[in-house]
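**Q** Let me see the structure of the following:
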Amino acid sequence: MRIGLTRLRRSIALAACASLGACRGDSTAPSSIEVALSTTTVSIAQGASSTVLITVLRTNFAGEVQLSVEHSVNGLTTTLADAILPAGQSQTTLHVGVGSAVSIGIGNVTVRARGANVSDKTAALTLLVTQAAGYAIAVPGTLQLAPGQSGVINVAIARHAFSSPVTFSVEGLPTGATASFAPNPSTSDASTLTISTGSAAPGSYPITVRGSAGGLTDRVVACMLTIAAPTYSLSLGRTTLTLQQGQSSSIAVALSRSDFTGVVSFSVVGLPAGATASFTPASTDGNSTVLIVNAGAAPAGSSPVTIRANATGLAERAASFTLAVAPAAAPTSVSFQLCDAATPVWAGYQSGAGSWVSLPISASGSYSFSIAGVGGLAFVLPRYGDGARFGYETRVTYASAAELQSFGSGACVLAGAKTIRGSVSGVQTNEAADIALGSSSTTVAGQTGATPAFTLAGVMEGAHDLLATRTVAGGEVARLIIGRGLDPADGSTLPVLDFGSSTALAPIKATATVTGTGVTPLVFSEFLTANGTAALLTIVEAMSVSYSAVPPTSLIAGDLHALVALVEEASGLRGVVTYNRQAGARTLALGPVLTQPTVTSLSTGPFARLQLLIPSQTQYQAFAYTEFLQGIDSTAASRRVSILATADYFNGLPGAWILPIPDLAETAGVTPTWGLAPSAYTNVYFEVDGGLAASAPTTDGSEFRFAASQAAATTSAGLRPTRLTVSRPLATNRLPARRSTWEALRTRVIR
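**A** Sure, this is the predicted structure:
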C-alpha cells in the first residue's frame, strides 16, 4: 500500500510540472520557450524614452534565443541590449525611444523570441504616447502695413506641463523697420509683437518669430510682412452736369482706397465765371463726398471742370466732368392755393438760387409769384392756429415752376358743413360696417336683426361717391355697396344700406406677392373711386396674399385699386404702391434699403439751419423729403421744419439729395424764434420716393416706391439712430390728391 501511494504522488507532481512547463531536468517534457515583459503598458512623452525588461523562460532548451521587435509607429525607435541570448542567459533590456513628432495616442509593440526547433513566442507591449512638456507658438500668416505705419501681431503660446518663461525675437525685418514684444519674456499664454515700418521700403518680407526657453529647442514660426504703398483713386457719378443759369445740382464723388486711411481734401478748378461749387464734406477719411454746383450767372455753354483730391504724402488725384450751362428759363407765373386751416405768419418764394422774397399774407390762402425755371416756396404757420401755445411749423418745397403750379392747383380738401344720416342692415353682431362719402367716413358696429344708425359729419358740398363695406370677424370685407354721384341735402337721411340686398357686391379675389425683403410685410388693398372716395378692402401680414377688389362690371372710368406693401426693418420703413383699374395677379417689388444720410449745420444763429444730404439711389428718383422736429409736439417750444425737393429742381436725379433749411434771417417779416433753436436735440425723419414723378397723377399702371427712416441729431452733430416712428410725411406739401390719400392711409395703418 505504501509503494502504491508513493507512485501516485509522483504521477501527480509530474503532471503538474508538465502543465506548468517549468520543471527542469525532466527529460520527458518537450522543448519550448516563453517570453515575458516586466510591464505590459508603458507611457512615454514625445521626445522621451524608457526601458522594459525581457525574460525568456526555457523548457528542455539550452540553445540560443533570438529576439526581435515589431511595430508600425512612425518615429518610434526600439533597441535591444542583446538581440541573441546564449545558453544560460535569460534576460535583457529593450530601449524604447519616442520621437518628438510621434503622434499622441496608443501604439502596439510586439517582442518576438525564436529558437531552433521550438515555436516562436511573442509578448505584447502597449505604448501610450503623451504630449511632451513644452510649448508651441503661433502667429497670423500675414501683416500688411503702409510706410510709416505700425501694426501688431498677436503671438499665441500653447503650453503643456511647462510654465517657464519664453523669450521672443524676430528675424528678417527690412532695413528701417523696428519691432518689440510685450511682455518679453512671457510667462503667460501670449505676447504682442509691435512692428513699425518706419522708413522701410515697400515690399513683401518673410519674417520669423523665434521663441526660446531653457532646456528646449527654439520654436520658430513664419509670417509675411507686406509694406504696401498707400494709394487711392477718384471716380464721379456722372461725367456731364447740365444746369440752367441759377440752377443747382450735385455730383457724387467716390474714393477707392488701397492701404490708405488718411484724410483726403477736395477742390474744384475750371468753373466758368459766375458759377460756384462746394463739397460736403470738404475733406474726409471716408469713401465719398458730394460736389454741389450752382450755375449762378455763368454764361451759356460747356466748360470742362476738374475735381482735385489731395492727401498728405501722396500725389494729387483728379477727375473731370463737363458743366453745360443753359440760359435761364423765362419767368413763369405760379398760382398756389395753400390748404391749411391756419393762416401763415409768413410766406415767401425763391427763384432759382436767388434771395428769398416775402409774399403778402393771403386770407384765402391764394398766392401768386413768378419763378424762372426752378425755385422754392415756404410758409411759416402757427401750429393748430396758435403759435404762442403750440409752436411753429415751416414748410419748404423746392421744385420746378410747373411742379409748384401742379402742387398748388385744385380745390382744397377741407371738411364740409353738411351732416348726413343713415342706417345699415344685414350686418351681424360680430361684424362692422364702414361708410364713406367723399372725405367723410364713419364706422358702425353690427347688430343682428337690427338696422344700426350712423352719422357722417363734415360732408362737403357737391356730388360724391358712397362706399360702404361689411367686414366680418378677422377683417375680411364680405360685401361692398357703391353709390355714384350722391349729393344729399344737409340733415337728410340716406336710404338703408342693405348688405343683404342685390345692390351689395361680393368682392372678387386676386393674388399679390411681395419681393425684396426677408421680413413679413403688411399688405393692404384700397378702392379709390373716380369721384374721390376710398375704402379699405384688405389688410394682412404675409409675403403672398389673396386680396379683395371690386368686380370689373362695377367699375367706371377713373376708378382705381391701390395695392400697397409696407415692411418695417431695422434700417427703417420701405414700401411700394401699384395702381390698377382691374384686379389681377401682382408682384410688389420693394426698392433697396435707404442709404443713410448725413446732417450738417449750416449756421446756428439767430436760428439753427440744418441740411440733410441723402446719397441718391436710382430706384428713388422722384423726390426726397425730410422733417426736423424739436421739443414736445403741440407745446409752445415745438418747432417743425419740413422740406421736399423734387428731381426736376436738380434737373434730374442728383448725385445726392440736398435739403437745406433756407436762410430766412434777413428776409422781411421773419421772426428768428419761429425756426429751430440752436444746439437743441432734434428728431429727423427722412424719405426718398421713386417710380411715379412727384407731380404725376395716378393712373392705371402707376407705381411708386419709397424708403424712409428716422434718427436724432443735434444742430451741431450727425445722425444718431433711434427707433423708427412714422410721422405724417408729405400730407401738407400738396402732392397729387391720390398720392396724398395713400400717405394718409399709410400713417393710419402704421399708427
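
**Q** Helix or strand for the nearest residue to residue 183 once chain neighbours are set aside, just tell me which one.
**A** For residue 183, ignoring the flanking residues on the chain, the nearest one in space by C-beta to C-beta, 6 or more residues apart in numbering is residue 191 at 6.1 Å. Where you see a C-beta, it was placed from the backbone N, CA and C, and this is true even at glycine. Assigned by DSSP states H and E, residue 191 falls within strand 190-196.

**Q** now the strands for the stretch 551-700 of the chain?
**A** 560-569, 572-580, 586-589, 598-603, 609-615, 623-630, 639-646, 656-660, 681-690 (DSSP state E, counting those that start in this stretch).

**Q** pLDDT weak spots in the stretch 151-300 of the chain?
**A** Judged by pLDDT under 70, the stretch 151-300 of the chain has no weakly predicted residues.

**Q** if we can go back for a sec, include distance to residue 272 and mean neighbour count when you put the strands of the stretch 551-700 of the chain into JSON lines, please.
**A** Formatted as JSON lines, the strands of the stretch 551-700 of the chain follow (distance: least, C-beta to C-beta, whole Å; neighbours: other C-beta atoms under 10 Å):
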{"stretch": "strand 560-569", "distance to residue 272": "45", "mean neighbour count": "22"}
{"stretch": "strand 572-580", "distance to residue 272": "40", "mean neighbour count": "23"}
{"stretch": "strand 586-589", "distance to residue 272": "42", "mean neighbour count": "18"}
{"stretch": "strand 598-603", "distance to residue 272": "25", "mean neighbour count": "17"}
{"stretch": "strand 609-615", "distance to residue 272": "25", "mean neighbour count": "22"}
{"stretch": "strand 623-630", "distance to residue 272": "28", "mean neighbour count": "25"}
{"stretch": "strand 639-646", "distance to residue 272": "25", "mean neighbour count": "25"}
{"stretch": "strand 656-660", "distance to residue 272": "21", "mean neighbour count": "24"}
{"stretch": "strand 681-690", "distance to residue 272": "31", "mean neighbour count": "23"}
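
**Q** how far does stretch 440-457 stretch from start to finish?
**A** Using C-alpha to C-alpha, to the nearest Å, the end-to-end distance of stretch 440-457 comes to 7 Å.

**Q** next one: stretch 142-150
**A** 14 Å.

**Q** so the residue lying closest to residue 319 once chain neighbours are set aside bridges to which residues?
**A** Leaving aside its chain neighbours, residue 319 sits nearest to residue 234 (4.5 Å; criterion: C-beta to C-beta, 6+ apart). Under the criterion DSSP bridges, residue 234 forms beta bridges with residue 255.

**Q** Which residues are in contact with residue 234?
**A** Counting by C-beta atoms under 8 Å, 6 or more residues apart in numbering, residue 234 makes contact with 253-255, 307, 309, 317-319.

**Q** Tabulate the CA atom coordinates of the strand holding residue 191 in CSV.
**A** Output in CSV follows, covering the C-alpha atoms of strand 190-196 (Å, rounded to 0.1, in the frame of the first residue of the first chain):
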residue,chain,number,x,y,z
ALA,A,190,0.5,85.3,-25.2
SER,A,191,2.8,88.1,-26.3
THR,A,192,2.3,91.0,-28.6
LEU,A,193,4.7,91.9,-31.4
THR,A,194,4.5,95.5,-32.5
ILE,A,195,6.1,96.3,-35.8
SER,A,196,6.8,99.9,-37.0
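
**Q** re earlier: columns secondary structure on top of the contacts of residue 234, output as JSON lines?
**A** As requested, the contacts of residue 234 are arranged in JSON lines below (DSSP: H, G, I helix; E, B strand; the rest coil):
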{"residue": "253", "secondary structure": "strand"}
{"residue": "254", "secondary structure": "strand"}
{"residue": "255", "secondary structure": "strand"}
{"residue": "307", "secondary structure": "strand"}
{"residue": "309", "secondary structure": "strand"}
{"residue": "317", "secondary structure": "strand"}
{"residue": "318", "secondary structure": "strand"}
{"residue": "319", "secondary structure": "strand"}
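
**Q** Greatest separation within those residues: which pair is it?
**A** 254 and 318 (14.1 Å; C-beta to C-beta).

**Q** give me the beta-bridge partners of residue 166?
**A** With DSSP bridges applied, residue 166 shows beta-bridge pairing to residue 186.

**Q** ok, so what distance separates it from residue 139?
**A** Using C-beta to C-beta, to the nearest Å, one obtains 13 Å as the distance from residue 166 to residue 139.

**Q** okay, those two: which has more neighbours?
**A** residue 166 (27 against 19; other C-beta atoms under 10 Å).

**Q** how near is the more buried one to residue 423?
**A** Taking C-beta to C-beta, one finds residue 166 at 92 Å from residue 423.
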